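In: Provide a 3D model corresponding to the input given below.
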Amino acid sequence: MNAAGKKGDWIEIPPVPGALVINIGDTLQIISNGRYKSAEHRVRTTNAQSRVSVPIFTIPNATEIIGPLPEVVARDGVARYRDMVLGDYMNNFFGNAHEGKKSLDYARIN
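Out: Got it, this is the predicted structure:
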């Protein structure tokens, strides 16, 4: 697996035998008010080693309103993301070219 570096490069993440890797998505980053970060990543195989990948996506209904949890905002003292209809966020996500994690700018409070 590779993760995007701060300079636009890809950083190799070496496999750990028996490890379970969980990638956090944008929705969890928004509801956690940025405490958990969604990672831009890619998965590659090598001809020297096999791997198993089982992507599982969980997401609320498109009509649900998402935003930082009130308890998290109370702890942080400020909301970093706005409340929005998930379908609007997803339309923005799929309607624009992907440039890193820029899709989160749609939800971010400046």
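In: Tell me where the longest helix sits in the protein.
Out: helix 86-95 (DSSP state H).
In: Could you name the helices and strands sitting against it?
Out: Packing partners of helix 86-95 (3 or more C-beta pairs under 8 Å, 6 or more residues apart in numbering; DSSP states H and E): helix 26-31, strand 65-66. Placement of C-beta: from N, CA and C, glycine included.
In: Give the partner strands of the shortest one in its sheet and their orientations.
Out: Pointing back at strand 65-66 there. strand 84-85 (antiparallel) (DSSP bridges).
In: mind listing the strands for this structure?
Out: Using DSSP state E, the strands assigned to the chain run over residues 2-4, 10-12, 41-42, 65-66, 84-85.
In: got the contact list for the third one?
Out: Under the criterion C-beta atoms under 8 Å, 6 or more residues apart in numbering, residues Met1, Asn2, Ala3, Ala4, Trp10, Asn23 lie in contact with strand 41-42.
In: Run a quick check on the fourth one versus Lys102, I expect a contact.
Out: This points to Ala4. No. With contact defined as C-beta atoms under 8 Å, Ala4 does not reach Lys102; the gap is 11.7 Å.
In: Comparing those two, which residue is more hemmed in?
Out: Taking neighbours as other C-beta atoms under 10 Å, Ala4 and Lys102 compare with Ala4 leading, 15 against 12.
In: Report the beta-bridge partners for the more buried one.
Out: Here Ala4 sits in beta bridges with Trp10, going by DSSP bridges.
In: when you give positions from now on, start the count at 22
Out: Sounds good: first residue 22 from here, last item Ala25.
In: Now do it against Pro35, distance only.
Out: In this view, Ala25 and Pro35 are 16 Å apart by C-beta to C-beta, to the nearest Å.
In: and if you look at Lys28?
Out: Lys28 is 20 Å from Pro35, by C-beta to C-beta.
In: Within its sheet, name the partner strands of the helix or strand bottoming out on mean pLDDT in the chain and how each one runs.
Out: In the chain, no helix or strand scores lower on mean pLDDT, DSSP states H and E than strand 62-63, which sits at a mean of 82. Paired strands of strand 62-63, with direction, are strand 23-25 (antiparallel) (DSSP bridges).
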